[in-house]
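[1] with the sequence up front, the predicted model follows.
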Amino acid sequence: MSLYRAFDLRIHSEILLPELIPLENADQEADVKIVRSTVDFPDLEPTSIHRRGIMAQSAEDVNGAIYLRWEGVAGYKAVNGDTLYIEPYTDDAELLSLFTVSEALGCILLQRGLLLLHASSVQVGSVAYSFLGEPGAGKSTTATAFVKHGSHLLSDDLTAICFDDNNRPFVLPAYPQLKIWENTVNGLNFDKSELTPVAEGINKFSLRPGVNFPAEPIPLAKIFLLHDRPELPATQKFSPVEAPIELVRHFPLSARLLRGKVHQRHFQQSSWCATHAQIWNKRRPAGFAALEKWVSEQHSA
């Protein structure tokens, strides 16, 4: 069993998770265990979550266990925020890791009471910026541009936020990998030979900015909801009343999990984000030169 660090957690895993940061002393106590096991599923329902063109199915039982199944890849059961059971349907270790460290691990984070967003996040100076948006809005591309200009990566695709005793939000560093399309590699002038192809899609590459990857939660300062809608202002600040409604739309797991106390908690935590951080609608800069200019301005602000 290997020991890793991600989302401020020590994770013992019976499958290899090369995306995560390995820890040397595998005998130390873990916060989360990932265990190979047969999973008995209740009735599953389709979700809007797709990865590599495969639709996830999900369910939650009366005891609060969350189930997630990807046809041909793996089935998962998340229990008590500390154990993730995995039943592999493939021998492809890269695929198993890819699907495990995304929504499957997200189920554990949700059970631990964290605010989850479908977002990429970076550290700018001493604070964190998060980028949300619909698929194709440029979340990872924007994060990549910030990393190129000296920011530290915090998360790609799945952002987890915790809160201190004063309800101030902090982004938990996930793991040092950004998955970017070939046009982003070319547009931001990265050397393709220094990147690794990933299994998630055609012409997609892994950028691993592992140097000085943050180890501690970073205070959240700004959230940008990226869009390309010309009828909206280029930048528009959300009010504390509007922001929680927008953040709910970017929940990364099955929407059916957002009910009862979980939905109330998500709304309350979103309100805390709106109180302590700026939340903006931001039209995506038109072209890579405009993106890099905006990123440079943000670094010097």
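    Received the coordinates, thanks. Nothing here was measured: the structure is a model prediction, and the numbers come from that model. Numbers count the residues shown, from 1 in each chain.
[2] what stretches of this structure score poorly on pLDDT?
    26, 199-202, 210 (pLDDT under 70).
[3] so where do the helices sit in it?
    93-99, 105-111, 139-148, 182-187, 242-248, 260-276, 288-300 (DSSP state H).
[4] out of those, which gets nearest to Ser58?
    For the helices of the chain, proximity to Ser58 was assessed by C-beta to C-beta; helix 105-111 is nearest, at 8.5 Å. Just so you know, the C-beta spots here come from the backbone N, C-alpha and C atoms, and that holds for glycine as well.
[5] contact partners of that closest one?
    Residues outside helix 105-111 that contact it (C-beta atoms under 8 Å, 6 or more residues apart in numbering): 6-7, 32, 64, 66, 68, 76, 78-82, 84, 116, 158, 160, 252-253, 257, 262.
[6] and if you look at stretch 33-52?
    Contact with stretch 33-52 is made by 11-15, 17, 55-59, 61, 67, 69-70, 75-77, 82-88, 95, 98-100, 102-103, 199-201, 252-256, as judged by C-beta under 8 Å, 6+ apart.
[7] and the residues you listed, which are buried?
    Those of the contacts of stretch 33-52 that meet the buried threshold are 11-13, 15, 17, 56-59, 67, 69-70, 75-77, 83-86, 88, 95, 98-100, 102-103, 200, 252-254, by 16 or more other C-beta atoms under 10 Å.
[8] quick one: which of the residues you listed sit in strands?
    Here DSSP state E is the test, and the buried ones among the contacts of stretch 33-52 give 11-13, 56-59, 67, 69-70, 75-77, 83-86, 88 as lying in strands.
[9] middle-most residue in this structure, spatially?
    Geometric centre of the chain, nearest residue: Leu158, 0.8 Å, by C-alpha atoms, centre = their mean.
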